[in-house]
Each structure stands twice: as C-alpha cells, then as structure tokens.
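J.: dropping a prediction and its sequence here:
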Amino acid sequence: MENAVEPTPTPRRSPAVEAHDVTVTYDRLREKDTLIALKDFSIEIEHGEFLAIVGPSGCGKSTFLNVVAGLTFPSAGDIRVMGKPVTGPETDRAVVFQDYALLPWRTTEQNVRFGLEMQRRIDSETKDKVQHYIKMVGLEGFERAYPRELSGGMRQRVGLARALVTEPRLLLMDEPFAAVDAMTREVMQDELARIVSETGQAIVFITHSVDEAITLADRIAVVTNRPGRIREILEVDIPRPRSRASRNLTEFQELRDRIWGLLSDDPAKAVAPLIDVPSVGEPRTTESTEVEPPR
Ligand code: ADP
C-alpha cells in the first residue's frame with residue numbers, strides 16, 4: 001500500500017510538573033558564600049497525582065515547592081508546570097502554608113475570598129464559590145469568625161479553602177499540618193484525602209512525617225540531605241481510603257521501614273548531619289514517626 005497514511009500520533013499530554021536537573025543556589029551575604037540548596041533535582045508529577053516529598057530538614061523541600069510556585073528561580077535546569085516554563089506565580093497553582101498566612105483582620109469568609117481577589121477574579125459567582133469551599137473544609141457556621149477565634153486546625157482549613165476556591169490545577173502544600181496538634185493532624189489528613197478525591201488536582205505535599213506521607217500519597221519522593229536530590233521515588237500501593245488502621249498493614253510497615261532505611265543511610269548525611277533518625281533495628285511503633293531537626 002504505497003499511499004497509506006501514517007496515523008497521526010496522539011500528542012502526549014504534558015505532566016502537571018516537569019523538573020529536569022533543577023539546581024538552586026542562594027548567595028549568602030553574611031557568610032559570603034553560595035549555598036547549593038538543590039542539585040540536579042528531577043521529577044515529573046502527573047495530573048491528579050498526590051506526590052509527597054520527605055527528607056531531612058534543610059534538604060531543599062521548600063525550595064523545590066517555591067520553584068514550582070514561581071517564587072524562586074533555578075540557576076540551572078528546566079521547570080515546567082502544565083507544559084509551560086515557570087516564569088512566576090500563575091492562577092493554575094495555589095500554595096497552602098504551614099503558618100496559615102491568614103489576614104487577622106478578615107473573617108473566614110473574607111480570607112477565603114482573598115484567594116480570588118489576589119487573582120482579580122471577583123464576579124457574580126464569588127459568594128457561592130466561597131460558601132461552597134467553606135462547607136467543603138467543614139467550616140460552615142464559622143463564616144464570620146476571625147482567625148483569633150479559630151483553633152489551629154480551623155485556621156488551616158481556612159488556608160486550604162482559600163487555596164481551593166481558586167480551583168487550581170496544582171496544589172502546593174508546605175508542611176500544612178506541622179503546627180497543629182497530633183489528633184487534629186489525623187483528622188486533617190482524613191479530610192484532605194476526602195477533599196482531593198472530590199477536587200482531583202495534582203498535589204505536591206511536603207512533610208516531615210513518614211506516616212503522613214504514606215497515608216496520603218500516591219508516590220513518595222525521598223530527598224537526600226543538602227544539596228537536595230531525589231534519592232528514590234516510591235509508589236504507595238495501599239488501598240484507599242487509608243485510615244489509622246492502615247498503619248497496621250504489613251505493606252504500610254514495610255514501606256515505612258524502606259523510607260526510614262533510605263533516610264538513615266543517606267550518603268550525604270555524613271557530610272551534613274541534620275536529621276535525627278532512629279538507628280536501624282531500633283523498635284518502631286505504629287505511631288507517627290517524624291523526621292525532625294536536632295534540638
Ligand atoms: P527544607 O524545606 O527541606 O527544610 P529549605 O528549602 O527551606 O529546606 O532550605 C534548604 C537550604 O537552603 C537550607 O540550608 C536553608 O537554610 C537554605 N535557604 C533557604 N532559603 C534561603 C535563602 N533565602 N537564603 C539563603 N539560604 C536559604
């Protein structure tokens with residue numbers, strides 16, 4: 001068949017995030033040196049994927065999140081979101097911060113609305129949208145409360161609603177539950193899992209807690225000590241919904257041990273010992289295990 005037409009290949013949809021050999025350096029004026037925060041950091045994150053990043057304190061996790069958010073720029077490498085090079089913040093991304101970053105003089109409703117104000121997207125649907133996301137995060141009845149009248153967990157719900165109201169394709173979360181108590185944290189994890197199953201955006205979630213990462217993520221990127229590089233990316237093949245009881249599953253415990261193994265035999269650790277991890281063989285509980293900086 002001489003004149004057969006080649007079938008047109010279906011164009012591959014770009015991943016939500018593509019980072020290739022991203023290097024970030026900070027010039028430190030006081031120390032008069034240059035700190036390499038990330039080195040040749042490469043990862044692809046698919047649409048709708050929940051990616052958790054775990055690694056020792058100071059390994060560059062927040063730096064990576066800021067690069068994706070368009071707030072920090074790499075000195076080398078390529079970073080794309082939704083197929084486009086990152087040149088600054090865009091409306092397709094929203095960040096949820098650890099310290100909530102709420103405006104204290106604004107009510108819940110006004111703080112959530114602020115997400116849309118920042119993007120100049122106030123219109124006739126704003127009121128309904130704000131109410132929809134307030135309800136989604138479980139804050140109905142607290143629309144007129146000020147941040148000082150809310151608990152830490154409730155403040156973080158406001159922060160989450162403010163991000164969700166913009167309907168981002170990518171949600172960037174920097175240790176969002178680090179400042180809330182352990183019980184609230186568990187509740188917030190369940191809530192987040194439920195919300196993202198409804199909203200379906202891609203998520204980059206930074207955490208110090210290995211258990212939190214396993215509970216929430218589709219994949220977990222384990223990052224080496226500074227300069228941060230991807231040590232390994234692990235699939236979390238544990239059925240959802242994952243509850244506290246999931247932590248007793250053999251798969252959960254094996255994955256936890258594997259991640260701890262990667263963190264504790266990090267070759268870079270010898271150079272910059274910044275984490276406090278249990279030694280291999282030390283008994284581990286089924287309680288939350290945290291990667292914390294030394295005191
Ligand atoms: P992580 O989120 O993993 O704790 P960060 O990305 O916050 O790590 O920081 C990585 C390294 O870069 C740390 O050593 C930190 O002190 C340094 N760093 C972060 N931001 C700056 C900055 N603006 N100027 C200088 N050094 C910075």
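T.: Right, received. Where do you want to start?

J.: residue ranges with poor pLDDT in this structure?
T.: Low-confidence segments of the chain (pLDDT under 70): 1-5, 9-11, 266-295.

J.: get me the contact residues on this protein for the ligand.
T.: Proximity of the chain to the ligand, by C-beta under 6 Å from any ligand atom, involves residues 26, 28, 35, 37, 55, 57-63, 226. In short, each C-beta sits where N, CA and C put it, glycine included.

J.: in helices only, show me these.
T.: 61, 62, 63 (DSSP state H).

J.: can you pick the most crowded of the residues you listed?
T.: residue 61 (24 neighbours; other C-beta atoms under 10 Å).

J.: does the residue positioned nearest the centre of the chain lie in a helix or a strand, and which?
T.: Central residue of the chain (C-alpha atoms, centre = their mean): residue 205, 1.6 Å from the mean position. Taking DSSP states H and E as the definition, residue 205 sits inside strand 202-206.

J.: could you do residue 135 as well?
T.: helix 126-136.

J.: list the buried residues of the helix or strand following that helix.
T.: Downstream of helix 126-136, the next assigned helix or strand under DSSP H and E is helix 152-164. The neighbour-count check on helix 152-164 (16 or more other C-beta atoms under 10 Å) flags 152-164 as buried.

J.: repeat for stretch 85-97
T.: Buried residues in stretch 85-97, counted by 16+ other C-beta under 10 Å: 86, 90, 93, 94, 95, 96, 97.

J.: could you dump those residues to TSV with distance to residue 255 and secondary structure?
T.: As requested, those are exported to TSV (distance: C-beta to C-beta, whole Å; DSSP: H, G, I helix; E, B strand; the rest coil):
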residue	distance to residue 255	secondary structure
86	31	coil
90	34	coil
93	29	strand
94	29	strand
95	27	strand
96	25	strand
97	28	coil
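
J.: show me which of those is closest to residue 246.
T.: residue 96 (23.6 Å; C-beta to C-beta).

J.: ok, now which ones touch the closest one?
T.: 156, 159, 160, 163, 171, 172, 173, 174, 176 (C-beta atoms under 8 Å, 6 or more residues apart in numbering).

J.: how far away is the closest residue to residue 55 other than its chain neighbours from residue 49?
T.: Leaving aside its sequence neighbours, residue 55 sits nearest to residue 223 (C-beta to C-beta, 6 or more residues apart in numbering; 3.2 Å). According to C-beta to C-beta, to the nearest Å, residue 223 and residue 49 sit 17 Å apart.

J.: same thing with residue 252?
T.: To residue 49, residue 252 is 20 Å away according to C-beta to C-beta.

J.: just residue 218 next, same as before
T.: 5 Å.

J.: closest one of the buried residues of stretch 85-97 to residue 137?
T.: Nearest to residue 137 among those, counting by C-beta to C-beta, is residue 96 at 10.9 Å.

J.: quick check: beta-bridge partners of that closest one?
T.: residue 173 (DSSP bridges).

J.: which residue is the nearest non-sequential neighbour of residue 47?
T.: residue 16 (4.9 Å).

J.: let me see the contact set for the one you found.
T.: Taking C-beta under 8 Å, 6+ apart, one finds 45, 46, 47, 48, 49, 81, 82, 169, 170, 202 in contact with residue 16.

J.: filter these down to the ones in strands?
T.: 45, 81, 170, 202 (DSSP state E).

J.: now list the buried members of the residues you listed.
T.: Neighbour counting with 16+ other C-beta under 10 Å marks 45, 81, 170, 202 as buried within the ones in strands among the contacts of residue 16.

J.: go through the residues you listed and name the one nearest the ligand.
T.: residue 45 (17.3 Å; C-beta to the nearest ligand atom).

J.: any idea how far residue 168 is from residue 179?
T.: Distance from residue 168 to residue 179, by C-beta to C-beta: 22 Å.

J.: cool, thanks, talk later.
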